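*Asks:* Generate a structure from the sequence data that follows.
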Amino acid sequence: TTAPLPSAPAPMNTLSHDTRQANIIICGAFCFGIAALFVALRFYTRTYIIRALGPTDWSILVALAFSAATTAGLIEQAALGSGRHVWDLDPTDISSGKRWGRSAWMGVLFYLLSLCFSKVSILLLYIHIFAFKWARTAGQILLGIVIVSHIYMLIITCTACIPLQSYWDWDLEKMYCHGQRIWWGNTGLHMVTDFLIFLIPMPVVWSIMLPRKQKIMLFGVFGLGFIVCFISILRLLQLLQVENEPSDPDFTWAAVELCYLTAVEVNGAIVVACVMTLKPFLVRHFPSLLNSGRGSNSSAGGRRGSENIMGRPPTIGSRPSKMPMSPVDSDLMVSKSRASIQLGNRNSTGYLELDDDSWVVDVEMAEGI
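*Replies:* Okay, here's the model as predicted:
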């Protein structure tokens, strides 16, 4: 049997001529602006509040730079035709078509690199703050998997076609192009590593001694990453829809939802990575958000505890006489030696007893990371 022929295009006077180019630009710029704001808050927190800037922070800054490049690519694609109906484009403008294809390829490249550095930042954070040996080992193994898998995906992207320019220049003869299964494999690697990264903290949070409300808060903070996983699934479904409708001539209009999801996913990963580090900022500037519902005595004790904990933490990599606090959350995750000296002794369960407005966690800091 032969495949049915695509239906003839409708007369021009019955076709829609609306555009969603502005939607792509606004979505990309807004999502990047939110990510940039959270990165700025993170650097403010770790530079001026706890004074502990480290590799995990520089990694997220690199991720933001590649996110900016991804956003710029989305905006360029919108300027070149994404968001418009294909029948509204000039079919003789071959140059713009080639530029659109090159921009799409560069968008894939920068999307890959941004997600890679976001994942590296989160895993370095895990390795740094978790006291449980199995959690640190899992973070180290997964960090190796992320690096190796993204190097593989980078090679695949840079050899999308041979010669590479033939990927967007239809005048060049293609000697080879990767099949669609290769790209589905890349998407699968993204989704699996995303899920594993955000799954690691869950048993750690479950096992630590915390009041129920604070444990729920921690589950919420670390669980935000599953929103990124959900967006990845939506993006995959959109890719499948495009793949299953190859005969759709209006591909520039159909690409809009994919542009939205790309902007949200890349910048959402950066926001999630930064949220994990912002509790000292909230303690310093919005203590009522964390002390709501508590008595005045407890709140006062919490403020004294926070001031004591967040006094002058040393910079990562320095060699203080006392074990430094975790740079991630000086009110939450305190090193054993400093906590035993300043905040009290270890109880019979093996956990540290902090003052009654602090979180009770047994977490060692991996010094020098």
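*Asks:* all contacts plus neighbour counts: C-alpha atoms, from now on.
*Replies:* Fine.
*Asks:* Strands of this protein, start to end?
*Replies:* Assigned by DSSP state E, the strands in the chain fall at 161-162, 176-177.
*Asks:* Can I get those in JSON lines including distance to T187 and mean neighbour count?
*Replies:* JSON lines is the format used below for the strands of the chain (distance: least, C-alpha to C-alpha, whole Å; neighbours: other C-alpha atoms under 10 Å):
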{"stretch": "strand 161-162", "distance to T187": "18", "mean neighbour count": "17"}
{"stretch": "strand 176-177", "distance to T187": "17", "mean neighbour count": "14"}
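*Asks:* Which one, of these, ends up nearest to F281?
*Replies:* strand 161-162 (47.1 Å; C-alpha to C-alpha).
*Asks:* who does that closest one pair up with?
*Replies:* strand 176-177 (antiparallel) (DSSP bridges).
*Asks:* what is the mean pLDDT for the strand it pairs with?
*Replies:* What strand 176-177 shows for mean pLDDT is 86.
*Asks:* Run the chain-centre distance for that strand.
*Replies:* 31 Å (C-alpha atoms, centre = their mean, to the nearest Å).
*Asks:* and if you look at stretch 95-105?
*Replies:* Distance, centroid of stretch 95-105 to centroid of chain: 27 Å (C-alpha atoms, centre = their mean).
*Asks:* where does the stretch 201-350 of the chain have low pLDDT?
*Replies:* Along the stretch 201-350 of the chain, segments meeting pLDDT under 70 span 240-250, 290-350.
*Asks:* at 90 what do you get?
*Replies:* By pLDDT under 90, the weakly predicted segments of the stretch 201-350 of the chain are 201-262, 276-280, 282-350.
*Asks:* Quick check: C116 vs I162, distance?
*Replies:* To I162, C116 is 25 Å away according to C-alpha to C-alpha, to the nearest Å.
*Asks:* Oh, that last question was meant for M202, not what I typed.
*Replies:* 44 Å.
*Asks:* Then H285?
*Replies:* 55 Å.
*Asks:* And L234, how close does it get to F43?
*Replies:* 31 Å.
*Asks:* Same drill for the two, tell me which one is more crowded.
*Replies:* Ranked by neighbour count (other C-alpha atoms under 10 Å), L234 and F43 place F43 first, with 21 against 16.
*Asks:* Which residues are in contact with that one?
*Replies:* The contact partners of F43, by C-alpha atoms under 8 Å, 6 or more residues apart in numbering, come to 53, 57.
*Asks:* Tell me how many other residues surround the nearest residue to L41 once chain neighbours are set aside.
*Replies:* Residue nearest to L41 in three dimensions, not counting chain neighbours: L278, with 7.4 Å by C-alpha to C-alpha, 6 or more residues apart in numbering. Look at L278: counted by other C-alpha under 10 Å, it has 19 neighbours.
*Asks:* Please apply the same query to A35.
*Replies:* By other C-alpha under 10 Å, the residues close to A35 number 25.
*Asks:* Wait, it touches V271, no?
*Replies:* Yes: the criterion here is C-alpha atoms under 8 Å, and A35 meets it with V271 at 5.4 Å.
*Asks:* so where's the stretch 1-150 of the chain uncertain?
*Replies:* Using pLDDT under 90, the flagged stretches of the stretch 1-150 of the chain are 1-21, 50-54, 78-101, 104, 126-136.
*Asks:* Helices along that one, start to end?
*Replies:* 21-44, 55-80, 94-129, 133-158 (DSSP state H, counting those that start in this stretch).
*Asks:* out of those helices, which comes closest to D171?
*Replies:* helix 94-129 (9.7 Å).
*Asks:* Would you mind listing the buried residues in the closest one?
*Replies:* 96-107, 109-129 (16 or more other C-alpha atoms under 10 Å).
*Asks:* so how many other residues sit close to N267?
*Replies:* The burial count for N267: 31, using other C-alpha under 10 Å.
*Asks:* my read: it touches A69, true?
*Replies:* No: with contact defined as C-alpha under 8 Å, N267 does not reach A69; the gap is 11.6 Å.
*Asks:* In the chain, which residue is most central in space?
*Replies:* A269 (1.5 Å; C-alpha atoms, centre = their mean).
*Asks:* and it, what is it in contact with?
*Replies:* A269 touches 115, 118-119, 225, 228, counting by C-alpha under 8 Å, 6+ apart.
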